[in-house]
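[1] Next comes the sequence, and after it the predicted model I'd like to discuss.
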Amino acid sequence: MDTKETISVLNDLIETCKDGEKGFLECAEDLRDPQLKSTMNQRSRDCATAAAELQQLVRSMGGDPETSTSLSADMHRRWVDLKAMITGKDDEAILNECERGEDVAVKSYRKALEKDLPAEVRIVVERQYQGVQRNHDQVKALRDAARARG
């Protein structure tokens, strides 16, 4: 895989991280439970840290790192906001949408790991993928707990 292709893959992941950063932050704003708010704010910071690490990798390869979220994530958030206005924003519904966002992130990282990445890039992407998978599993567990309480 050449440098240009690697930078493209990394920029896609940066966009995914930026989507997660913004998505978790919006979830935190809408959640009622203070513990859940705190957890989502931490996940948002984790996504920001991952994006910054990937941006540094892109710079080290001579590329211009992505700095924004994706159009599809922006559209998804607008749909979530519209749906929430109609149905009300309970914690379970918010966590459901958060989990859906994490499903997308898991797929993005899996797709990147299918590529023939340089070893030093693969190490970072694999480590971040483990974090994305943990986030997904945690959000799912929190959603299931909210459902059980509801």
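    Nice, thanks for sending it over.

[2] Average pLDDT for the strand or helix carrying residue 44, rounded please.
    Secondary structure here is read from DSSP states H and E; on that basis residue 44 sits in helix 34-60. Per-residue pLDDT values across helix 34-60 average out to 96.

[3] Show me which positions of that helix end up buried.
    Going by neighbour count (16 or more other CB atoms under 10 Å), the buried part of helix 34-60 is 36-37, 39-41, 43-44, 46-48, 50-51, 53-55, 57-58. From N, CA and C alone the C-beta is placed, and that goes for glycine too.

[4] Look up how far residue 24 lies from residue 3.
    Distance, residue 3 to residue 24, by CB to CB, to the nearest Å: 31 Å.

[5] If you count surrounding residues, which of those two has more?
    Neighbour totals were compared for residue 3 and residue 24, and residue 24 leads with 25 against 11 (other CB atoms under 10 Å).

[6] Identify the residue nearest the geometric centre of the chain.
    Centrality entry for the chain: nearest residue to the mean C-alpha point is residue 20, 2.8 Å, by CA atoms, centre = their mean.

[7] Quick one: residues contacting that residue.
    Neighbour list for residue 20: 43, 44, 47, 50, 101, 102, 105, 132, 135 [criterion: CB atoms under 8 Å, 6 or more residues apart in numbering].

[8] And for residue 4?
    Residue 4 sits next to residue 63 when contact means CB under 8 Å, 6+ apart.

[9] Just after the helix-or-strand element of the chain with minimal mean pLDDT, pick out the following helix or strand.
    Counting by mean pLDDT, DSSP states H and E, the chain has its least confident helix or strand at helix 71-87, which shows a mean of 62. Using DSSP H and E, the helix or strand that follows helix 71-87 in sequence is helix 91-113.

[10] Can you tell me, leaving aside adjacent residues, what's nearest to residue 48?
    Spatially, and ignoring its direct neighbours in sequence, residue 48 is nearest to residue 21 (4.7 Å; CB to CB, 6 or more residues apart in numbering).

[11] In this structure that neighbour contacts residue 44, no?
    Yes: the pair residue 21 / residue 44 is scored as a contact, 5.1 Å apart, by CB atoms under 8 Å.
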